[in-house]
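Colleague: A predicted structure for the sequence below; I have some questions about it.
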4 protein chains.
Amino acid sequence: MLKIGLLGAGRIGQVHAVNIAANPRSALVAVSDVNADAAAALAARFGAEARATEAILSDPAIDAVLIATSTDTHSSLIEAATAAGKAVLCEKPVDLSLARAEACLKAAEATGKPVMIGFNRRFDPNFAAMKAAANAGEIGKAELLSITSFDPAPPPVSYIKVSGGLFRDMMIHDFDMANFIMGATPVAVHAVGTSIVNPEIGAAGDVDTAVVTLSYADGRIGVIRNSRRAVYGYDQRVELLGSEGLLSAENVLENTVTRATAAGVSSAKPTYFFLERYMAAYAAEWEAFVSAVLDDAPVPVSLADGVAALRVAEAATRSAQTGQTVAL
Amino acid sequence: MLKIGLLGAGRIGQVHAVNIAANPRSALVAVSDVNADAAAALAARFGAEARATEAILSDPAIDAVLIATSTDTHSSLIEAATAAGKAVLCEKPVDLSLARAEACLKAAEATGKPVMIGFNRRFDPNFAAMKAAANAGEIGKAELLSITSFDPAPPPVSYIKVSGGLFRDMMIHDFDMANFIMGATPVAVHAVGTSIVNPEIGAAGDVDTAVVTLSYADGRIGVIRNSRRAVYGYDQRVELLGSEGLLSAENVLENTVTRATAAGVSSAKPTYFFLERYMAAYAAEWEAFVSAVLDDAPVPVSLADGVAALRVAEAATRSAQTGQTVAL
Amino acid sequence: MLKIGLLGAGRIGQVHAVNIAANPRSALVAVSDVNADAAAALAARFGAEARATEAILSDPAIDAVLIATSTDTHSSLIEAATAAGKAVLCEKPVDLSLARAEACLKAAEATGKPVMIGFNRRFDPNFAAMKAAANAGEIGKAELLSITSFDPAPPPVSYIKVSGGLFRDMMIHDFDMANFIMGATPVAVHAVGTSIVNPEIGAAGDVDTAVVTLSYADGRIGVIRNSRRAVYGYDQRVELLGSEGLLSAENVLENTVTRATAAGVSSAKPTYFFLERYMAAYAAEWEAFVSAVLDDAPVPVSLADGVAALRVAEAATRSAQTGQTVAL
Amino acid sequence: MLKIGLLGAGRIGQVHAVNIAANPRSALVAVSDVNADAAAALAARFGAEARATEAILSDPAIDAVLIATSTDTHSSLIEAATAAGKAVLCEKPVDLSLARAEACLKAAEATGKPVMIGFNRRFDPNFAAMKAAANAGEIGKAELLSITSFDPAPPPVSYIKVSGGLFRDMMIHDFDMANFIMGATPVAVHAVGTSIVNPEIGAAGDVDTAVVTLSYADGRIGVIRNSRRAVYGYDQRVELLGSEGLLSAENVLENTVTRATAAGVSSAKPTYFFLERYMAAYAAEWEAFVSAVLDDAPVPVSLADGVAALRVAEAATRSAQTGQTVAL
């Protein structure tokens, strides 16, 4: 039984709290948050205590912490928690600065404690089934990967300004998915971006629509499409063409009802956003973390994986700015 | 906050226990089971007490009971629980005997306590969306209802012998679905059954494959197909043809991955059986019960609904035996 | 090279004329019609001659006739054409009277000439692929057949009155499909019909919506659903449940475009009616006739098959009128 | 009635011959081919004459020619035919040399005769419906176009060597599709190519798998994926994301049959290659040409369109070779 301290009682912290409590091998012991009321309310709901972060980290009875705080605190909290001997599951991204993330990786590795990064999509039942099928050789040797990732609506421009930009904030999930599916990191990155959804995003120095091409050492190619706006919902698809076929992971729909009328045939939209689409993935992610820590096995998405995705995001950011292909 | 006593700690009791605990407006207080160890284990997992059924019914602190025991105990427990002043959610069917179920209904109604029958499929997000679309007039006036309900594999013949037969044990869900979608009970029933899946089922006096035609007073028609065996998984579909279109609720698949190879295109199977397919429905069903009781509103599936479905099942059983259409 | 006389220059005769001309092993030589202008126009378009029916039947240079005249002339023309030594492809149904059709069968068989009935759906690429899959044992032993056949819109009541009724006029296609897929004729038929689409159809003594259950000697069951109105287009589907799986032949859509918007996801409707849906089937049907005649092989849908379908239609008509199951 | 001379009696010439004959407003008068026997056989089948190309071009009774000869003859034949006063439908590509194609355009325009290029995919019912939906504003303002175009199997390396390379030979269809859907030509092109399907293709100086990113003056982006090998069949899809939704044109399948078994659910593959997939498109293309010429209206795909697609292909070829983005 893993005893857990949860750092962050916001929306995603609440999702994790349910999974911690529902998992028969983990127990929620303590919750901290900059908003003390939020911590208290969440703790009460699951019979846990609200505490200061320091009190959680210094409690020897707590085995692991789940970091669900704002991005700018991730690196420091990973370092502090591993230094305090805790296993860590930290939300993505590790940091907006690659240098800072690399330093964090070095520090955390020195402690020998397991650190997992919350790239939740790897645990989506659809993408996981696709990866398993690829590993099982169902389409032979992989050749061309395509990832589609459109958000339902852009965040406020105020958020965009502090987000690190589309490639670090949004496409980083897709860079990790590419690393996951391809089992390798690209050797060259080319990005084209535009702010066609909202010119104010462009004025803020960012893009809202982008296509990134990834080249791999063995000749494989990957392509990622991102848009900040798909009015029909969260569009999350992956395709992998191989020597013996094509694997496709399609969207999850809100329901299976179709309506055929004189006007045409209509069906449900994709689930609206990440909380709907990836609810099952968050539970599976937590189970994977618990299993790895209790079994003393490597975590399935390491801090190094988090840094690797950030490295590709940096390259893509530079390519979009210069128009040049960036070697990695 | 509803305080709940759970009667029955078997497979379905465990599903309900999770939903009782997860719902912010209900708490699991006590569990009983003929197997005392099972009751104790389940109670411990959720911080409840294992008790005798009588002790649960006589505890004034308990507001409602969920009956998840064997079918032969349902009527008596509904009577005892309502007499003890509890609200009740009871698994289907009410009873295998229509006369006994009608007596139970009379007794329970005399207490004025709410009794809901666990026809879980009404709460499936797909069928619920279909019903909402029909109510919204999306296909005009309903004319022809079609329900497909195939189990993945037949139960043991030993179970068949005490089950009350396919119409009372399995198709009763579909009779309730027809009553739900059509908003009326049929005036005539015609059934054709066969034991083509397993002749031993026929030797036991039952059928394993059946088609039932329902006629309604206003000229509408319904048709239900049942098979005890669909090797590809639980096949649960509903179609409603109306004056302005067709509504279809299709199967839920295990995942959205497709594989295109030289051999063809393949995709996932329907979810295997009721626990997989209707997991979300069980949570929604519980939420509906809690809301109705706390809000003093009518339960969405009444004991009378449970008796009505059983009445159609009896008629279908007689029609399959005689070859004649049975009027209701 | 088969030299063909076409009897009937109406809408369906024109479809056949194109297929006769396009097939490299058949040539359109002569066309007759009660409307001499129609015959002349059609003949001119394909370099054929307009003639009287008698002149076509008595011409020794003509090998085969295609009968695309009104239903009431089919039996007599089959008898006359076979007596004149012609091979025959005749549109369905053979006749509205079972006795007359049986007499025609006897007369035609006496001539030894091949007579094929135009049950075009057997040649639809989808249903043909389904039949091939069933024959190949892909779903084991068949158990339950389901046929859906909805027309886009009802014909005028004036047509209904002379049509022979829904079972002989419309569902006869489905009775033939059942005979085709099951490889047997049913031993009992039960029909429920209603005139819910248009009460005037009921006043004319017919139904517009019907469900027919077919029982087979070996325990298999079939169910057919018909409606005269599906506002979304021609709904033509077949399902076959077997011991090892389910085969489904779905509708053909107008195109493959989908639109995902804030309002939902929409796609194209089924092709509108039989000329759109079965255009490929008509060409394949003609090729099958030409091949059988030139190769001196049995035609794939015989006159006896046409009589067999009519026999089931008669039984269904009686069942719908009496409410009783009719044995065959 | 247009009187047609067909130049080229090969596989695609035969497809065109059927459409010319079937169209009520065109007649096949003469056929030429370097293989005199092939021309004679095809001409005989449709009651036309086999002639030398020069005899066709100099015959004042012939209104239009369809050029279905080898690519290296296209430019010269377009020039000769227009100089002879014929309307022309010429198979794609105009030429492998952009300079030669531009010269041809100049010469043909000087004659004032209509020249249409056979970009058949514009007439595919699915892509045409998609374009119509986009034009109708169904997804608001276009932002991101994605074209998938995978052939079932690579051609022989001997063909690759004279093909002009993947971008001129294969992706040129997609460049035209992009020009068609976007209603504009790109201002910058970036291409990544690899010879992962067959290294011999790389040794021959070409690629077999490529991703091309197109940038438009108004900020829109397009991305094209090509592979010479998709073992499951011809994969031809287009997606257009706009401010109010997504349009998708999916593959056409061989049939609509699905098989659900214990092993999973399987369905038919995409139609095998261009003759299967685009058979309806060829007929619609011909009808469009006939209509335009008879109505004295602009042809829907002009020689200038053919040159424009070739210009993008040249840029993509250069980009793949240099790794640099190429401005247009």
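Modeller: Done, it's in. Numbers count the residues shown, from 1 in each chain, chains lettered A, B, ... in the order given.

Colleague: and stretch A:101-112, which residues are buried?
Modeller: Neighbour-count burial for stretch A:101-112, counted by 16 or more other C-beta atoms under 10 Å in any protein chain shown, picks out A:A101, A:E102, A:C104, A:L105, A:A107, A:A108, A:T111. For glycine as for every other residue, the C-beta is placed from the backbone atoms N, C-alpha and C.

Colleague: surely the first one meets A:G306?
Modeller: Yep, that's A:A101 we're talking about. Yes: between A:A101 and A:G306 a contact is recorded at 6.9 Å, counting by C-beta atoms under 8 Å.

Colleague: can you count the residues close to A:T82?
Modeller: Close neighbours of A:T82, defined as other C-beta atoms under 10 Å in any protein chain shown, add up to 24.

Colleague: Now it: which helix or strand?
Modeller: According to DSSP states H and E, A:T82 maps onto helix A:74-83.

Colleague: Tell me which residues of that helix come out buried.
Modeller: Going by neighbour count (16+ other C-beta under 10 Å), the buried part of helix A:74-83 is A:H74, A:S75, A:L77, A:I78, A:E79, A:A80, A:A81, A:T82.

Colleague: hang on, the earlier thing: include pLDDT and distance to A:F119 when you put the buried residues of stretch A:101-112 into a markdown table, please.
Modeller: A markdown table is the format used below for these (pLDDT from 0 to 100; distance: C-beta to C-beta, whole Å):
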| residue | pLDDT | distance to A:F119 |
| --- | --- | --- |
| A:A101 | 97 | 14 |
| A:E102 | 98 | 18 |
| A:C104 | 98 | 16 |
| A:L105 | 98 | 15 |
| A:A107 | 98 | 21 |
| A:A108 | 98 | 17 |
| A:T111 | 98 | 21 |
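
Colleague: out of these, which are inside helices?
Modeller: Counting by DSSP state H, the buried residues of stretch A:101-112 place A:A101, A:E102, A:C104, A:L105, A:A107, A:A108, A:T111 in helices.

Colleague: possible to save those as CSV with distance to chain D?
Modeller: As requested, these are exported to CSV (distance: C-beta to the nearest C-beta, whole Å):
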residue, distance to chain D
A:A101, 28
A:E102, 28
A:C104, 33
A:L105, 30
A:A107, 37
A:A108, 35
A:T111, 41
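
Colleague: quick check, nearest of the buried residues of helix A:74-83 to chain C?
Modeller: Taking C-beta to the nearest C-beta as the measure, A:H74 is the one of the buried residues of helix A:74-83 closest to chain C, at 34.4 Å.

Colleague: And that closest one, what's its pLDDT?
Modeller: At A:H74, the model reports a pLDDT of 97.

Colleague: Which residues are in contact with it?
Modeller: A:I67, A:C90, A:E91, A:P93, A:V94, A:D95, A:C104 (C-beta atoms under 8 Å, 6 or more residues apart in numbering or on different chains).

Colleague: between these, which is closest to A:L253?
Modeller: A:E91 (26.8 Å; C-beta to C-beta).

Colleague: if I read this right, that closest one contacts A:T73, doesn't it?
Modeller: No: contact criterion C-beta under 8 Å: A:E91 and A:T73 do not qualify, at 10.3 Å.

Colleague: Return every residue with contacts to both of these two.
Modeller: Listed as contacting both A:E91 and A:T73 by C-beta under 8 Å, 6+ apart are A:I67.

Colleague: Checking my notes, A:V88 in a strand, right?
Modeller: Yes: using DSSP: H, G, I helix; E, B strand; the rest coil, the assignment for A:V88 is a strand.

Colleague: Strands of the stretch 101-250 of chain A, residue ranges please.
Modeller: Ranges of strands in the stretch 101-250 of chain A, per DSSP state E, counting those that start in this stretch, are A:115-118, A:142-150, A:188-194, A:209-215, A:221-227, A:235-242, A:245-249.

Colleague: Would you confirm that A:V65 contacts A:L57?
Modeller: Yes: contact criterion C-beta under 8 Å: A:V65 and A:L57 qualify, at 7.0 Å.

Colleague: which of the two has more neighbours?
Modeller: Per other C-beta under 10 Å, whichever of A:V65 and A:L57 has more neighbours is A:V65, with 27 against 21.
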